[in-house]
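**Student:** Need the 3D shape of this:
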Amino acid sequence: MKMNSLVPALAISTFVATVASSPVYSQSSDGWDGKFPKRFYLGAGGGNSRLEPATGGTLFGVTDTSDRGGLAFAGFDFSRRLSFELQFADLGSASLQNTDTQEQVGIDYSEISISGLYYLWNDYADDDYLDYDGLDLRAGFSFFARVGAGQMENESVGNVSYTRENDIQILAGLGIEYGLRNGLAGRLEHVRYDTDAEYTGVAVLYRFGGVDEEDLAPADEPQLPVLPAPAPISPLPPPPPPPPAPEVIPELPEIPAIPEAPELVSNDIDADGVLNDLDLCPETIAGTPVNSDGCEMFNGVIEGINFLTGSDTLTEVARVTLDDVVQTLREFPDVKLSVQAHTDDQGEEVNNLELSRRRALSVVRYLIAQGISIDRLQARAYGESRPIADNTTQEGRLINRRVEFRTVQ
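**Tutor:** Below you'll find the model as predicted:
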C-alpha cells in the first residue's frame, strides 16, 4: 500500500527564507517602538484526526478514518507576526479490513514537524499601555496561519504492509488563539498533513518571560522627554570704562516748548484682533486663541465632541470638530490644553469615572495622531462629579455628558 506523493522539502525552506526577509517584521508604524518581547513557549493539546491512506489496488479497504489524536509542541515568538514551532503529533490509527480474510488491521500515524505561524489579525487593545498592542503581547483573540514541513512515521497494527513515497510532508493550517498578558493562552486549530491526514483540536500553551512592567508607558502619564542639562553660564565680562566727561557746550537760546500730541486710544486694548466695541472679553491674555466675540476659544464645552453610546469611540462629527481644534492649535503653537471629560450620573460612579478617563484619552490620542505634541496636552477625567445641569431629566443628562477644553499655562 502506498501513501500519496509529497512536495519536496525545498518548498518550506523557500517559505521560511522569504518570510524571514520580509519587511513586515521590521519596526511597524502602528505604535510599536522596537521593544518586542521574544519569548519561548511550551504547549500540549488533543482533538480528532482524519486519516485516509491510499489502498487502491490492494486487498485492504478503509473502515474507519477517524481517531483521537494529541500533540506537544515548543515554539519561539520571533516577531510581532511570526512564530516558529517544533511539534510532535500522535494522529491515531486508520482502521483497515482485509477483503479476503475479513481481518481487522490498522496503520498508526505520528509526525514530527517544524512550521512557521503567521498572525493575521488581533483584536486586543489596552488603554493603560500605549507602547504595546495585542500582537506584541500575544494577548486577546488572534487569527493565525501555519505552514511547515514534517517527517511522517507510520506503524502497522496487524498483518499489513505499507510503503511511503516520501517521508517529508508539507503541512498547512488555520487557527484562532486567545491569550492573556501573563503568558497563558488557548488555541483551536485545523491542520492538513499533505493529502491523507488532517487534525482538528484544542491546545493550551504558556509563554515564558514577558514584558517588563517598567517598560510599559501608562497612557494617562505620558513620558516626557529628558531635557539636556543647561550649559554652564560664563561669567559676565567686566563693565566698560566710563565715557570721558563731555565737553562744556555753550548755552543756546531757549526754544519754545512744543505742545504734546493728544494720547491715542487703542481700538484693540487687549491686542486679540477684536475691536473694543465688539470685544465681550476685553482683558484676555495676549496670544490666547479667541472667538469672534473676543473671548477665549478654549474655555468650556466644545460642542460636537460626542462618542458612540457607552464607549470611547469618537463619532464622525466629533472627528470633524477636532480637526478644527487641530488647525487652531497649529496657529497658536504656544497654547497648552487640558482635555476634561464628564458623564451623567447613570450607572455606577466608578464606571462613569473610568469611562470619562477613556474618553479624555481618546480625544488626546486623536490630537496627537494629527501632529499635536503630547507635551501640549493634559487628560483629565471627572466622571459624574461636576454636573452643570439637572441629571433627573434627559436634557440635563445630555448636557452633562460633555468634553471641555481649558487653556493652561
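
**Student:** Break down the stretch 301-409 of the chain into its strands, ranges please.
**Tutor:** 336-342, 377-383, 402-408 (DSSP state E, counting those that start in this stretch).

**Student:** Okay, now the sheet partners of the first one, with direction.
**Tutor:** Right, the one you point to is strand 336-342. Using DSSP bridges, the strands paired with strand 336-342 are strand 377-383 (parallel), strand 402-408 (antiparallel).

**Student:** hang on, the earlier thing: the strands of the stretch 301-409 of the chain into JSON lines, with extra columns for mean pLDDT, mean neighbour count and distance to residue 108?
**Tutor:** No exception for glycine: its C-beta is placed from N, CA and C like everyone else's. Shown next, in JSON lines, are the strands of the stretch 301-409 of the chain (pLDDT from 0 to 100; neighbours: other CB atoms under 10 Å; distance: least, CB to CB, whole Å):
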{"stretch": "strand 336-342", "mean pLDDT": "92", "mean neighbour count": "21", "distance to residue 108": "63"}
{"stretch": "strand 377-383", "mean pLDDT": "92", "mean neighbour count": "19", "distance to residue 108": "61"}
{"stretch": "strand 402-408", "mean pLDDT": "89", "mean neighbour count": "18", "distance to residue 108": "66"}
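
**Student:** How far away from the center of its chain is stretch 170-182?
**Tutor:** The chain centroid and the centroid of stretch 170-182 are separated by 19 Å under CA atoms, centre = their mean, to the nearest Å.

**Student:** Equivalent analysis for stretch 382-391, please.
**Tutor:** Distance, centroid of stretch 382-391 to centroid of chain: 32 Å (CA atoms, centre = their mean).

**Student:** after the helix-or-strand element of the chain with minimal mean pLDDT, next one along is what?
**Tutor:** Within the chain, no helix or strand scores below helix 10-20, which has a mean of 42 by mean pLDDT, DSSP states H and E. Sequence-wise, the next helix or strand downstream of helix 10-20 (DSSP states H and E) is strand 40-51.

**Student:** which strands and helices sit next to that following strand?
**Tutor:** strand 66-77, strand 82-98, strand 104-122, strand 184-193, strand 197-207 (3 or more CB pairs under 8 Å, 6 or more residues apart in numbering; DSSP states H and E).

**Student:** For residue 320, which of those strands is the nearest?
**Tutor:** strand 104-122 (29.0 Å; CB to CB).

**Student:** Flag the shaky bits of the stretch 101-250 of the chain, pLDDT-wise.
**Tutor:** 125-132, 210-227, 229-236, 246-250 (pLDDT under 70).

**Student:** Which one of the helices and strands packed on strand 40-51 lies nearest to residue 344?
**Tutor:** Using CB to CB, these put strand 104-122 closest to residue 344, at 33.7 Å.

**Student:** what is the orientation angle of that closest one with strand 66-77?
**Tutor:** 40 degrees (axes from the mean of the first three to the mean of the last three CA atoms, to 10 degrees).

**Student:** quick one: the following helix or strand past strand 104-122 to chain centroid distance?
**Tutor:** Where DSSP H and E defines the elements, the next helix or strand beyond strand 104-122 is helix 134-137. Distance, stretch centre to chain centre, for helix 134-137: 8 Å (CA atoms, centre = their mean).

**Student:** Please apply the same query to stretch 53-64.
**Tutor:** 52 Å.

**Student:** Just give the closest residue to residue 118, not the sequence neighbours.
**Tutor:** residue 145 (5.1 Å; CB to CB, 6 or more residues apart in numbering).

**Student:** any idea how far that neighbour is from residue 191?
**Tutor:** To residue 191, residue 145 is 11 Å away according to CB to CB, to the nearest Å.

**Student:** tell me, what's touching those two both at once?
**Tutor:** Common neighbours of residue 145 and residue 191, using CB atoms under 8 Å, 6 or more residues apart in numbering, are 172-173.

**Student:** Which one's more surrounded, the two?
**Tutor:** Legend: neighbour count by other CB atoms under 10 Å for residue 145 and residue 191, higher for residue 191 (26 against 14).

**Student:** Show me what the more buried one is bridged to.
**Tutor:** residue 173, residue 199.

**Student:** which residues sit in contact with it?
**Tutor:** 89, 146, 171-173, 198-200.

**Student:** Please check those residues and keep the buried ones.
**Tutor:** 89, 146, 171, 173, 198-200 (16 or more other CB atoms under 10 Å).

**Student:** picking up where we left off before, so for residue 157, which of the helices and strands packed on strand 40-51 sits nearest?
**Tutor:** Once the helices and strands packed on strand 40-51 are compared by CB to CB, strand 104-122 is nearest, at 3.8 Å.
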